[in-house]
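Chemist: pasting the sequence and the predicted coordinates here, then a few questions.
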Amino acid sequence: MIRALSAAATGLEAQQANIERISNDLANVNTDGYKRSRTEFKDLMYETVKEAGSALGAGAQSPVGIQQGLGVKVGASHKVFEQGPARMTYHPFDLMIEGPGFFPVQSPNGDVLYTRTGAFHRDSTGRIQLSNGARLIPEMVVPPNAVNVTIASNGEVKAVLPNQGEAVLGQIQLLTFQNDEALSAQGDGLYRATLGSGAPLQGIPGENGLGMIQQGALEGSNVNVANSMVEMIQTQRAYEMGTKMMGIADQMLGATANIK
């Protein structure tokens, strides 16, 4: 009975982690560039009471063994980098990546991070940055007298300058990873590379499998509300079954203890 209580408790803990993941996804359903998470469960170690193939006597062997499970655990939790829907803003510095890739940015404390959130702005010196102060890499400066700023699908930035005509201001680069699921989420739509993600691979948008850039649009959250609601109901039912199992195991344990 103690084993049943322990196994049921691990199930409650796992379903609690799952509902927390779902609630965070639903809270960010309208967050630009947000990527939903996925929780994977693994069964715990088993206690082997009888090994399969063990001797039964007279040269016979047991065709199957006896193993007792110890419960469940959260095996992994990671982001799912599916493409989110486009949200048109028509702001010249709102950029959406259509396909794989991340914008490289430098945070105010100097760290190099990566993002799918393309809501960029100009600061007081004309440098392109996010609202949290993270600046685009390589640095892009738009002169204050520049008009008709256009950003091509390959990341080339052009603008019309007085007495100069159209000029190229710079080239936006994208980066991708061998394993983007291993990126570490930092909040604010930013990610940090890890040993599991591998080194970033830099390139021109639209080349070598990288996505292209759409100006005047932002990538919406890839959270599917209907699917998340179904998951929430399933998780709730699993949690309720776990509590009932603990109650039944407790009652059976009490009945055993009251035997005279």
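Modeler: Received it, and whenever you're ready, just let me know what you need.
Chemist: least trustworthy helix or strand in this structure by mean pLDDT?
Modeler: The element with the least model confidence among the helices and strands of the chain, by mean pLDDT, DSSP states H and E, is strand 55-57, at a mean of 76.
Chemist: that one: how far from the chain's middle?
Modeler: Taking Cα atoms, centre = their mean, to the nearest Å, the mean C-alpha location of strand 55-57 is offset from the chain mean by 52 Å.
Chemist: in that strand, which residues are buried?
Modeler: Buried residues in strand 55-57, counted by 16 or more other Cβ atoms under 10 Å: none are found. For every residue, glycine as well, the C-beta is placed using N, CA and C.
Chemist: direction included, what does whichever helix or strand comes after that strand pair up with?
Modeler: Next along the chain after strand 55-57, taking DSSP states H and E as the criterion, comes strand 60-61. Paired with strand 60-61 in the same sheet, following DSSP bridges, are strand 55-57 (antiparallel).
Chemist: what's the domain layout of the protein?
Modeler: As assigned by automatic domain parsing, the chain contains the domains 2-81+223-257, 86-219.
Chemist: most tightly surrounded among the ones you listed?
Modeler: Using mean count of other Cβ atoms under 10 Å, the stretch among those with the largest mean neighbour count is domain 86-219, at a mean of 17.
Chemist: please work out the average pLDDT along that domain.
Modeler: This predicted structure assigns domain 86-219 an average pLDDT of 94.
Chemist: start to end distance for that domain?
Modeler: 5 Å (Cα to Cα, to the nearest Å).
Chemist: from memory Ala14 sits against Val74, does it?
Modeler: Yes: taking Cβ atoms under 8 Å as the contact criterion, Ala14 and Val74 are neighbours in contact, 5.7 Å apart.
Chemist: now do the shared contacts for the two.
Modeler: Residues touching both Ala14 and Val74 comprise Phe41, with contact defined as Cβ atoms under 8 Å, 6 or more residues apart in numbering.
Chemist: show me the contacts for Tyr90.
Modeler: With contacts defined as Cβ under 8 Å, 6+ apart, the neighbours of Tyr90 are Gly216.
Chemist: likewise Gly247?
Modeler: Residues in contact with Gly247 (Cβ under 8 Å, 6+ apart): none are found.
Chemist: equivalent analysis for Gln67, please.
Modeler: Residues near Gln67 by Cβ under 8 Å, 6+ apart: 46-49.
Chemist: can you pull the pLDDT of it?
Modeler: 84.
Chemist: name the residues that touch the strand or helix carrying Gln202?
Modeler: Under the assignment given by DSSP H and E, the secondary-structure element containing Gln202 is strand 201-203. Identification of contacts with strand 201-203 by Cβ under 8 Å, 6+ apart yields 104, 173-178, 208, 210.
Chemist: check which helix or strand covers the residue lying closest to Asn148 once chain neighbours are set aside.
Modeler: Closest residue to Asn148 in three dimensions, ignoring its sequence neighbours and counting by Cβ to Cβ, 6 or more residues apart in numbering: Val160, at 4.7 Å. Secondary structure from DSSP H and E places Val160 in strand 156-161.
Chemist: who are the packing partners of that strand?
Modeler: Packing contacts for strand 156-161, counted by 3 or more Cβ pairs under 8 Å, 6 or more residues apart in numbering; DSSP states H and E, involve strand 147-151, strand 165-171.
Chemist: among the ones you listed, which is nearest Ser228?
Modeler: Using Cβ to Cβ as the criterion, the shortest distance between Ser228 and the helices and strands packed on strand 156-161 is 33.2 Å, found for strand 147-151.
Chemist: partners of that closest one in the sheet?
Modeler: Counting by DSSP bridges, strand 147-151 is paired with strand 156-161 (antiparallel).
Chemist: could you give the backbone dihedrals for Asn109?
Modeler: Phi and psi for Asn109, reported as degrees, to the nearest 10, are phi -90, psi 10.
Chemist: in its sheet, what does the helix or strand following the strand holding Gln202 sit against?
Modeler: With elements assigned by DSSP H and E, the helix or strand that comes after strand 201-203 is strand 212-215. Sheet pairing for strand 212-215, assigned by DSSP bridges, gives strand 95-98 (antiparallel).
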